[in-house]
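In: Predicted model and sequence follow; I will ask about them next.
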Amino acid sequence: MTLSEATINSMVDDLPLPQNMVNTLKEDAIKAGVTKKELEEIIQQVMDNYGYACVEPCEAVGVVSAQSIGEPGTQMTMRTFHYAGVAEINVTLGLPRLIEIVDARKTPSTPMMTVALEEGYSDSRDEARKLAWQIEATHIGHLGDVTTDLAQMQLVVDLHEKTLTQRDISVDGIAGIIRDKLNVLVKISEEVDYQIIIQPNQPSYRELLQLAKNIHNVTLKGIEGIKRVVIRKDSDEYTLYTEGSELNEVLKIDGVDVTRTYTNNIAEIYEVFGIEAARNALVKEAMDTLSEQGLNVDIRHIMLVADIMTCDGEVKQIGRHGISGEKASVFARAAFEVTVNHLLDAGIRGDVDELNGVTENIIIGQPIKLGTGDVHLVATKPVKGESV
Amino acid sequence: MNIQTKKQTFTRYERARIIGARALQISMDAPILIENVENLDPLQVAIEELKHGFIPVTVKRELRK
């Protein structure tokens, strides 16, 4: 005799559990079809396990987090590079990546984006390819051969017709961009098709060589900083993977799905989407890095780290220039690094230490506000009580 | 989440602190509040007392500033 949906709802709804656990429990109970006795037992076990997973007040969660991340960290490979699928895009993983995340580096060593496409673009290979050319930075080296003509003191660029049509760039366009960016004389050759002649402002040897070097750095099409774009078909839609990350620029392009586009550059996510998004990105990146190495760290430890890093409204690193270096207490800072300097500076300034934290109180030998140290006993009238 | 209102429950740290304080009192010859404790040491007596809710001590819980 299985229970009806309504009975299950009424039994599960009022449990003191987080909403998503209540929902999962409900769904599973309805799907499996349980009897009253079975559901009661399930609820009992769920409650027991939930209670076990809960943290009590005064518990030192930070220390537990530190150890829970630190121990698996010792098992991580020192230096690993991984090629993400067929895209052969190189991404830093393992310990170097984890260090990058907690150090809150401005740019990761291998920035990478996953660009989701909107409907109408995602199901057509041609549209996806067009978008890819709009994103990938195109330089003169991709489009043709540059030769330095020393006799005429000029650069001759022979463009490949096929590449131009493929990437949808005109000869005039290229000439215009080079003219604007380098501020030099650019002519389109009249004798040979698809040839551009560039002359430096002064006909000097040095200028010419300088120009030959600079011309390769001009972005003719696409977004500067994105070195490569790979198109991949994931399930039934095309997705772009980029080497290099410019979230703000990529999101401006028509056809890019803003809601599903992602970058592994946390600083960019913070700039574009704000601090909450940055926090989620920190959690996701750290969890992905750890689980890729086969290490199971509870997400709550990572969340605590991400919370501490982002709680001031900006992404701060853990360490000298971030959390540890900005602590309010003089003693806590002195305990971390360059002890004498901190104490001396504090003495000169006449700083006051409120002794609110753990480190300060350990240094001066007081009970710390943690565990039993944070319990204040009060005498009550001795009455015959019931069992507690 | 519903907040427990009825019986006061202690966290493990509060329990440890109460038992510790009470065991110290007992070890210094405080009157014992339960019977049949001949073979028990002060700590075990304190644990028994807490189990029965006889310890005239509670905890003050303050919100952090």
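Out: Looks like it came in fine. Numbering: from 1, shown residues only, chains lettered A, B, ... in the order given.
In: how close does the residue nearest to A:A335 when sequence neighbours are not counted sit to A:V63?
Out: Spatial nearest neighbour of A:A335, chain neighbours left out: A:T359 (5.0 Å); criterion: C-beta to C-beta, 6 or more residues apart in numbering or on different chains. C-beta coordinates here come from the backbone N, C-alpha and C atoms, glycine included. Between A:T359 and A:V63 the computed distance is 12 Å (C-beta to C-beta, to the nearest Å).
In: Give me the more crowded residue out of these two.
Out: A:T359 (16 against 11; other C-beta atoms under 10 Å in any protein chain shown).
In: residues in contact with the more buried one?
Out: Contact analysis of A:T359 by C-beta atoms under 8 Å, 6 or more residues apart in numbering or on different chains lists A:329, A:331-332, A:335.
In: again with A:L150
Out: A:205, A:208.
In: Got phi/psi on it?
Out: A:L150 adopts backbone torsions of phi -70, psi -30, taken as degrees, to the nearest 10.
In: For chain B, see how far away the residue nearest to A:H160 when sequence neighbours are not counted is.
Out: Nearest non-adjacent residue to A:H160, counting by C-beta to C-beta, 6+ apart: A:G144, 5.5 Å away. Per C-beta to the nearest C-beta, to the nearest Å, A:G144 is found 67 Å from chain B.
In: Also A:K26?
Out: For A:K26, the distance to chain B - C-beta to the nearest C-beta - is 16 Å.
In: and if you look at A:T380?
Out: Counting by C-beta to the nearest C-beta, the gap from A:T380 to chain B is 5 Å.
In: okay but that residue is in contact with B:K60, surely?
Out: No. In this structure A:T380 lies outside contact range of B:K60 using C-beta atoms under 8 Å: 10.8 Å.
In: higher neighbour count, those two?
Out: A:T380 (11 against 8).
In: The closest residue to chain A within chain B: how many residues sit nearby?
Out: Proximity of chain B to chain A (C-beta to the nearest C-beta) peaks at B:G53, 3.2 Å away. Applying other C-beta under 10 Å, we find 16 residues neighbouring B:G53.
In: The residue nearest to A:A335: what secondary structure?
Out: Three-state call for A:T359 (DSSP: H, G, I helix; E, B strand; the rest coil): helix.
In: quick one: it from A:I348, how far?
Out: Distance of A:T359 to A:I348, given as C-beta to C-beta: 22 Å.
In: what does A:V229 give?
Out: 55 Å.
In: what's the answer for A:E237, then?
Out: Distance from A:E237 to A:I348, by C-beta to C-beta: 63 Å.
In: who's more crowded, these two?
Out: Higher neighbour count among A:E237 and A:I348: A:E237, with 17 against 8, using other C-beta under 10 Å.
In: What confidence value was assigned to that one?
Out: You'll see A:E237 listed with a pLDDT of 87.
In: Now do the contacts for it.
Out: So A:E237 contacts A:116-117, A:122-123 (C-beta under 8 Å, 6+ apart).
In: same question, A:Y194
Out: For A:Y194, the contacting residues are A:144, A:158-161, A:164, A:171, by C-beta under 8 Å, 6+ apart.
In: Just the buried ones among those residues, please.
Out: Taking 16 or more other C-beta atoms under 10 Å in any protein chain shown as the criterion, what is buried in the contacts of A:Y194 is A:144, A:158-159, A:164, A:171.
In: what about A:G70, how many neighbours?
Out: For A:G70, using other C-beta under 10 Å, the count is 11.
In: Would you point out the most distant pair within the contacts of A:E237?
Out: Longest distance between any two of the contacts of A:E237 is 12.5 Å, between A:A116 and A:D123; criterion C-beta to C-beta.
In: More neighbours: which of those two?
Out: A side-by-side neighbour count of A:A116 and A:D123, using other C-beta under 10 Å, places A:A116 first with 18 against 13.
In: Provide the backbone phi and psi angles at that one.
Out: According to degrees, to the nearest 10, A:A116 has phi -90, psi 150.
In: That one - nearest residue in space that isn't next to it in sequence?
Out: A:R260 (3.5 Å).
In: so which strand or helix has the one you found?
Out: Using DSSP states H and E, A:R260 sits in no helix or strand.
In: got the contact list for A:E40?
Out: A:E40 touches A:M11, counting by C-beta under 8 Å, 6+ apart.
In: tell me how far the helix or strand it falls within is from the chain's mean position?
Out: Under the criterion of DSSP H and E, A:E40 resides in helix A:36-53. Offset of helix A:36-53 from its chain centre (C-alpha atoms, centre = their mean, to the nearest Å): 37 Å.
In: backbone phi and psi for A:E314, please?
Out: In terms of degrees, to the nearest 10, the main-chain angles of A:E314 are phi -140, psi 160.
In: Check B:E62 too.
Out: Backbone torsions of B:E62, given as degrees, to the nearest 10, read phi -120, psi 150.
In: Could you report the neighbour count for it?
Out: By other C-beta under 10 Å, 8 other residues sit near B:E62.
In: hey, C-alpha coordinates of the helix or strand of chain B with the lowest mean pLDDT in CSV?
Out: Sorting the helices and strands of chain B by mean pLDDT, DSSP states H and E puts strand B:57-60 at the bottom, at a mean of 87. Taking Å, rounded to 0.1, in the frame of the first residue of the first chain, the C-alpha atoms of strand B:57-60 are listed here in CSV:
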residue,chain,number,x,y,z
VAL,B,57,24.0,25.8,35.4
THR,B,58,23.0,27.0,32.0
VAL,B,59,24.8,28.9,29.2
LYS,B,60,24.5,32.5,28.2
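In: Distance check, A:A281 against A:S291.
Out: Counting by C-beta to C-beta, the gap from A:A281 to A:S291 is 16 Å.
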